[in-house]
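*Asks:* Fold the stuff below for me.
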Amino acid sequence: MRCLFTLALSTLLLAACTHQPPPPDWLLTARSAGEQHARLYLEGRDRLAQSQLQTARTAVSRTGNASAMARIELHACAARIASLQPPACPEFQPLADDAGQAENAYFRYLTGQLAEGDLALLPAAQQAAWRNPSSLSDITDPLSRLLAAAVLLHAGRLPPAASQIAIDTASQQGWRRPLAHWLQLEEERLNRAGDAAAAAAMARQRARVLADVPETAAER
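*Replies:* This next block holds a predicted model:
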């Protein structure tokens, strides 16, 4: 999941390994827990996801480093936005003044406030998709691809056919939460276009995805 969080921590891990001693425990814990949180959240396993997020937050908070703490919140926010939740990251805002430029640029990107100069500070996959929305399928990491699709959608720049890329991505990974929301979105689009048969197929797939999920959980 090559979002800002993973890239930044990977860089720190590489530096730590190069110069010895081994990377600190908090870094290893935060990276593992952050990635597990995203996976569990996308699968719709909320209780376990929240536990992993708290583990990551606790590990990073021991450093007092605002940028590292911000990356945890941005990574969690990216998973929510990829699932078509509202583009807001309130947990990041108390850290914004002390976080780095890259973290603030990523926050503005996620929340639809991209400013001049921000694009160059984003992960390469997000830069490429923003510059050329038709290149979405070229992103190799599934979460990065799904996130880019969601950001483009919120910005009104996602090509209609690209919704299928998001659907296929979520389906292949078994990510129930984003899949259900992307299917619903595509069903609505097809209905507006007058393609009732295709819309019905989307509705049937969504029903299969949510067959064993309580109704209240399906709406989150």
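*Asks:* Give me the phi and psi for residue 107.
*Replies:* Phi and psi for residue 107, reported as degrees, to the nearest 10, are phi -60, psi -50.
*Asks:* what sits against the residue nearest to it when sequence neighbours are not counted?
*Replies:* Nearest non-adjacent residue to residue 107, counting by CB to CB, 6 or more residues apart in numbering: residue 92, 5.2 Å away. Using the backbone N, CA and C atoms, a C-beta is placed for each residue, glycine as well. Taking CB atoms under 8 Å, 6 or more residues apart in numbering as the definition of contact, the neighbours of residue 92 are 70, 73, 74, 77, 99, 103, 107.
*Asks:* Can you list the buried residues in whichever strand or helix holds residue 199?
*Replies:* Take DSSP states H and E as the rule and residue 199 turns out to sit in helix 196-209. Within helix 196-209, the residues that qualify as buried by neighbour count (16 or more other CB atoms under 10 Å) are 199, 202, 203, 205, 206, 209.
*Asks:* Just give me the closest of the residues you listed to residue 187.
*Replies:* Compare each of the buried residues of helix 196-209 with residue 187 using CB to CB and the shortest gap goes to residue 202, at 3.9 Å.
*Asks:* next helix or strand past the longest helix along the chain?
*Replies:* Among all segments of the chain classified by DSSP state H, the helix with the greatest residue count is helix 25-43. Of the helices and strands lying after helix 25-43 in sequence (DSSP H and E), the nearest is helix 46-61.
*Asks:* now the contacts of residue 92 in CSV, with secondary structure and distance to residue 85?
*Replies:* Putting those into CSV (DSSP: H, G, I helix; E, B strand; the rest coil; distance: CB to CB, whole Å) gives the following:
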residue, secondary structure, distance to residue 85
70, helix, 19
73, helix, 14
74, helix, 14
77, helix, 9
99, coil, 22
103, helix, 20
107, helix, 15
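*Asks:* And the furthest pair within those residues?
*Replies:* When the contacts of residue 92 are compared pair by pair using CB to CB, the farthest-apart members prove to be 77 and 99, with a separation of 13.0 Å.
*Asks:* Spit out the contact partners of residue 99.
*Replies:* 66, 67, 69, 70, 92.
*Asks:* What's the end-to-end length of stretch 154-173?
*Replies:* Taking CA to CA, to the nearest Å, the first and last residues of stretch 154-173 lie 23 Å apart.
*Asks:* In it, which residues are buried?
*Replies:* When burial is assessed from 16+ other CB under 10 Å, stretch 154-173 yields the following buried residues: 154, 158, 162, 163, 165, 166, 167, 169, 170, 171, 173.
*Asks:* re earlier: list the contacts of the helix holding residue 199.
*Replies:* Around helix 196-209, the neighbours that count as contacts under CB under 8 Å, 6+ apart are 176, 179, 180, 183, 184, 186, 187, 188, 190, 191.
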